[in-house]
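**Q** with the sequence up front, the predicted model follows.
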Amino acid sequence: MSLLVVGSVAFDALETPFGKTDKIVGGAATYICLAASYFTKSVNLVSVVGGDFLPQDIAMLQRHGVQTEGLQIKVDEKSFFWSGRYHNDMNSRDTLATELNVLANFDPVVPDSYQDCQYLMLGNLAPGVQLSVLERLTNRPKLVVMDTMNFWMEIALEDLKKTLAQVDVLSVNDEEARQLSGEYALVKAARKIQAMGPKTVIIKKGEHGALLFGPEGEIYFCPALPLEDVFDPTGAGDTFAGGFIGYLAATNDTSFGNMKRAIVYGSAMASFCVERFGTERLVDLTEKELAERVARFLALTYLEQPLSVA
Ligand code: AMP
């Protein structure tokens, strides 16, 4: 099944305890598309970049089978730029700069060739823009997944609530879930967010895994793989989302049971992302590496003997 991805395509400058980068290619949609490309061959991008964006970076996405007809290039403007610095625990970071540039007036265009997409990933972007993409589709997709962040809660909360009301799944981290709901306990936070629209809520807890809250009160937990070295967490959340929706699109099954499998795939993809800077580790993964990684996830919680209290 075809997947439509909207989100930022950006330049990022990153600082972690292990080093620093100048401007490298990043952006929520970049990570989502790369991760999803390992599951489905039909990934269609809607985004915008400036004249400073390098043709080889667009070619890199195309090499992964990503359709870029919906990627606008504003030759006289600059690409979105984000810069962040991670603390020693690698779980928290400070945003040093968010320069919207081309994103400030982004008016997304959904090409006709994307109209039949059944799966829609609303990657991190102004919530009003996310909603306009959904509205510009002739038929509502079978599943709409949305990501967002504190930045948009602070400057566009009303738009965010309108968009939330239209989506099926929200994927946020624990801090964002607390900020959006005003609840500290994540179970309560998830229930409050479900009441705002999305029947399914994913709350990511960084190195502590991810929780999936289903429409009937179901809760599933997937741990994160304990890694010896975490190099750069940038894009881990987007990569998770790309693996999650890519798997759902590939299997065309949106049941809660399949979403449980999808968060294992999303977590496996995210575990690769953090092993190197930026998108480096995501560009040349093999099927064998992915299969081995998923097997390690299953082994983490597998019990040879059933549990018994007797
Ligand atoms: P993550 O680490 O999963 O939260 O995603 C990091 C990516 O999100 C970076 O590549 C940034 O370019 C992108 N990003 C950061 N802030 C924003 C924003 N306000 N809107 C859209 N994308 C953003």
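**A** Thanks, I have it. Predicted model, so just to flag it, every value in this text is computed and none were measured.
**Q** residues from the stretch 151-300 of the chain in reach of the ligand?
**A** Within the stretch 151-300 of the chain, the residues that sit near the ligand (Cβ under 6 Å from any ligand atom) are Phe151, Thr234, Gly235, Ala236, Gly237, Asp238. For every residue, glycine as well, the C-beta is placed using N, CA and C.
**Q** show me the contacts for the closest residue to the fourth one other than its chain neighbours.
**A** So that's Ala236. Taking Cβ to Cβ, 6 or more residues apart in numbering, and ignoring the residues beside it in sequence, Ala236 has Ala270 as its nearest neighbour in space, at 4.4 Å. Ala270 makes contact with Ala224, Ala236, Gly237, Thr239, Phe240, Gly243, according to Cβ atoms under 8 Å, 6 or more residues apart in numbering.
**Q** what of Tyr247?
**A** With contact set as Cβ under 8 Å, 6+ apart, Tyr247 has these partners: Phe39, Arg261, Ala262, Tyr265, Gly266.
**Q** in the stretch 1-150 of the chain, what residue lies closest to the ligand?
**A** Using Cβ to the nearest ligand atom, the closest approach of the stretch 1-150 of the chain to the ligand is made by Gly26 at 3.0 Å.
**Q** from memory that residue sits against Ile32, does it?
**A** No: because the distance of 11.5 Å does not satisfy Cβ atoms under 8 Å, Gly26 is recorded as not touching Ile32.
**Q** state the pLDDT value of the spatially most central residue of the chain.
**A** The centre of the chain sits closest to Asp238, judged by Cα atoms, centre = their mean, with a distance of 2.4 Å. Asp238 is assigned 97 on the pLDDT scale.
**Q** not counting its neighbours along the chain, what's nearest it?
**A** Spatial nearest neighbour of Asp238, chain neighbours left out: Tyr31 (3.6 Å); criterion: Cβ to Cβ, 6+ apart.
**Q** please apply the same query to Val145.
**A** Counting by Cβ to Cβ, 6+ apart, the nearest residue to Val145 once its immediate chain neighbours are dropped is Val169, at 4.3 Å.
**Q** returning to that earlier point: distance check, the residue nearest to Asp238 against Val25.
**A** 10 Å (Cβ to Cβ, to the nearest Å).
**Q** ok, those two, which is more surrounded?
**A** Between Tyr31 and Val25, counted using other Cβ atoms under 10 Å, Tyr31 has the larger neighbour count: 33 against 21.
**Q** now do the contacts for the more buried one.
**A** Tyr31 makes contact with Gly235, Asp238, Thr239, Gly242, Cys273, Thr279, Leu282 under the criterion Cβ under 8 Å, 6+ apart.
**Q** burial count for the residue nearest to Val145?
**A** Taking other Cβ under 10 Å as the criterion, the count of residues near Val169 is 25.
**Q** surely it touches Asp147?
**A** No: applying Cβ under 8 Å as the test, Val169 and Asp147 come out as separate, 9.5 Å apart.
**Q** return the backbone torsion pair for the residue of the stretch 1-150 of the chain closest to the ligand.
**A** phi -150, psi -150 (degrees, to the nearest 10).
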